[in-house]
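**Student:** show me how the following folds:
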Amino acid sequence: MTRFPLHLTPRDPHLANLYRDIVDSGFGTEQPINFFTALGSRTDLLQATWAFVKAVLVDGQLPGSVKQMIALCVSRQNNCRYCSVVHRGALEAAGVDSEIIESCATDPETRHIKEPQRSIVQFALKAARDPSSIADGDVTALLDKGLTHGEVTEVIVMAGFTNFINSWADISGIPLDGEGE
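**Tutor:** I've put the predicted structure just below:
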């Protein structure tokens, strides 16, 4: 059960513009997904969160499918049902092979993900679970697989970002899109 109302009909023009941008970027059809509408009572926080989502998940150097794999794996690790469903759906919509999606959703070792994506996801899982355990060798291993420093930075930010979105989704109690609205 949601602890915050879903602001489905924006009365504020600024909120309506934010919603339009969110939907135009693929996070909803006629209105944004519940993750965003639950933030609708705080347009300032929604604007900042949306800017972060766009910079980390929509834009960037890493392929969107890799970022969605990270988000699904970390969400699964964190037991975040809402984010697991959303990111699984994003991978399905992107046409990612069902065996890879299932590996992200159920296999902590992600055995069906090919390199270098598997190493990227495993690094992100470690960074999300225990950031202080990341050593120079972990970063060097990704660089040796051909990633740039900028891409490694994006993996790290994606891991922390996913912890943030998992926290918001779980604490706010937002329902799955289409459920209990």
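**Student:** where does P108 land in three-state SS?
**Tutor:** coil (DSSP: H, G, I helix; E, B strand; the rest coil).
**Student:** give the contact list for it.
**Tutor:** Q77, L125 (CB atoms under 8 Å, 6 or more residues apart in numbering). Placement of C-beta: from N, CA and C, glycine included.
**Student:** 10 Å - rerun?
**Tutor:** Listed by CB atoms under 10 Å, 6 or more residues apart in numbering, the contact set of P108 reads C73, R76, Q77, Q122, L125.
**Student:** could you do A55 as well?
**Tutor:** A55 is in contact with E154, V157, F161, counting by CB under 10 Å, 6+ apart.
**Student:** which stretches of this structure aren't confidently modelled?
**Tutor:** For the chain, applying pLDDT under 70 flags the ranges 180-181.
**Student:** name the helices or strands packed onto the longest helix along the chain?
**Tutor:** For the chain, the longest helix by residue count, based on DSSP state H, is helix 149-172. Applying 3 or more CB pairs under 10 Å, 6 or more residues apart in numbering; DSSP states H and E, we find helix 149-172 packed against helix 34-37, helix 43-53, helix 64-77, helix 81-93, helix 117-129, helix 136-144.
**Student:** so which of the ones you listed comes closest to V23?
**Tutor:** Judged by CB to CB, the one of those that comes nearest to V23 is helix 34-37, at 9.3 Å.
**Student:** center of this protein, which residue is that?
**Tutor:** The geometric centre of the chain, computed from its C-alpha atoms, lies nearest to A71 (CA atoms, centre = their mean), at 4.2 Å.
**Student:** before we move on, back to that, which one of the helices and strands packed on helix 149-172 lies closest to R11?
**Tutor:** Using CB to CB, the helices and strands packed on helix 149-172 put helix 43-53 closest to R11, at 10.8 Å.
**Student:** now that closest one: buried residues?
**Tutor:** For helix 43-53, the neighbour count (16 or more other CB atoms under 10 Å) marks T43, L46, Q47, T49, W50, V53 as buried.
**Student:** go on, stretch 56-75?
**Tutor:** 56-57, 60, 62, 64, 66-75.
**Student:** same thing with stretch 16-27?
**Tutor:** Using 16+ other CB under 10 Å as the test for burial, stretch 16-27 gives L18, Y19, I22, V23, F27.
**Student:** nothing else from me, thank you.
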